[in-house]
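here is a sequence with its predicted model. Questions after.
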Amino acid sequence: MNIEMVANTLEKLRNQNPLVHNITNVVVTNFTANGLLALGASPVMAYAKEEVADMAKIAGALVLNIGTLTEENVEAMIIAGKSANDHGVPVIFDPVGAGATSYRTMTSKKILNEVNISVLRGNAAEIANVIGDNWAIKGVDAGEGNGDIVSLAQKAANQLNTVIVITGKDDVVTDGKTTYIVQNGHPLLTKVTGAGCLLSSCLGAFSAVEKDLILASIAALTSYGVAAEIAASRKGEEGPGSFQIEFLNQLSSVTAEDLIQYGSIDKINH
Ligand code: ATP
Ligand code: TZP
Ligand code: MG
Ligand code: MG
């Protein structure tokens, strides 16, 4: 893989305008829809168990997010996930807050058992807790852990047989065999609620247009991180409010050339 392939994947997304079906949380719904639109995807939020199977099967990707989970929407997530699996639609899962309560941990495991997940994205604490490792979590934010995120991601990928994306200051992408680190991003993203959730939905948008899920994930992380860096350079000094708006602008205007110029992607040798 090279940076031109990553840049081409962004152009493919913009050309194809994929439909992304999200079952997400009440905190981030509007930001997620606007972020997907800005990036060049077509978002839909649909939660009723009577319709989720139909929506998931016509989508380019399905994104499941347990940020404000209820028994009802977990049931809908599983119905949607099975329909997506039956129709070859990639499923992204964001186990928001796994480890913070046993209900979130248990539900994450249940979804991973019942649905074939294409990409699992979370902070280090969420991924660790999903596979039964210890890592402190405060609500939805990763606490200090003492592990190495590359080993954690590889262990999770091998255990769950899926692509793992762990985000934080550096982002790791692995399928257990091939591993990359993406260093783009900006600390102001941690001051915008839903920055992780929107990223998971962007992973959906890229997975809809690129079957190689490692390439799709790297393209999502690089586009997202470079957009954040440009937004911070323009509006960061004004604070998180101005940054959030400028970040949406930059998700829409970040170019393939920007990724070639600013993308910071390293392959890890096993
Ligand atoms: P948490 O709730 O622990 O903040 P999250 O689900 O919000 O997790 P993040 O890990 O914050 O997700 O990742 C969201 C985006 O923010 C990713 O693109 C990531 O690279 C970026 N990011 C997070 N922390 C930093 C940082 N300190 N410096 C640069 N980019 C960061
Ligand atoms: N509480 C439940 S979901 C949510 C909060 C604050 C949003 C979490 O968003 P992110 O993207 O993980 O920061
Ligand atoms: Mg966050
Ligand atoms: Mg999160």
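Happy to help now that I have it. Ligands and ions are numbered 1, 2, ... in the order given.

quick one: residues contacting Glu51.
Contacts for Glu51 were tallied using CB atoms under 8 Å, 6 or more residues apart in numbering; there are none. Using the backbone N, CA and C atoms, a C-beta is placed for each residue, glycine as well.

let me fix that, I meant to ask about Phe31.
For Phe31, the contacting residues are 192-194, 197-198, 244, by CB under 8 Å, 6+ apart.

same check, this time on Met1
The neighbours of Met1, taking CB under 8 Å, 6+ apart as the test, are 180, 214-215, 218, 267.

quickly check those residues for the two that are furthest apart.
Put simply, by CB to CB the two of those set farthest apart are Leu215 and Lys267, 12.3 Å from each other.

neighbour count for those two, which is higher?
Leu215 (19 against 11; other CB atoms under 10 Å).

so whichever residue of the stretch 101-250 of the chain sits closest to ligand 2 is in which element?
Among all residues of the stretch 101-250 of the chain, Gly196 sits closest to ligand 2, at 3.1 Å; criterion: CB to the nearest ligand atom. Using DSSP states H and E, Gly196 maps to helix 195-209.

quick check, that helix touching ligand 4?
Yes. For a cut-off given as CB under 5 Å from the ion, helix 195-209 has contacts with ligand 4, namely Gly196.

and that helix, what does it pack against?
helix 3-16, strand 19-23, helix 29-39, strand 61-65, strand 91-94, strand 119-123, strand 163-167, helix 213-235 (3 or more CB pairs under 8 Å, 6 or more residues apart in numbering; DSSP states H and E).

Gly143 touches Trp135, doesn't it?
Yes. Taking contacts as CB atoms under 8 Å, Gly143 lies within contact range of Trp135: 7.1 Å.

overlap in contacts, those two.
When contacts are counted by CB under 8 Å, 6+ apart, Gly143 and Trp135 have Ala125 as shared neighbours.

those two: which has the busier surroundings?
Trp135 (22 against 14).

just the element for the more buried one, please.
Secondary-structure assignment from DSSP H and E places Trp135 in no helical or strand segment.

what's the answer for Val74, then?
Short version: Val74 belongs to helix 71-86, going by DSSP H and E.

the helix or strand hosting Arg104 to strand 119-123, inter-axis angle?
Per DSSP H and E, Arg104 falls inside helix 102-114. Helix 102-114 runs at 160 degrees relative to strand 119-123, counting by axes from the mean of the first three to the mean of the last three CA atoms, to 10 degrees.
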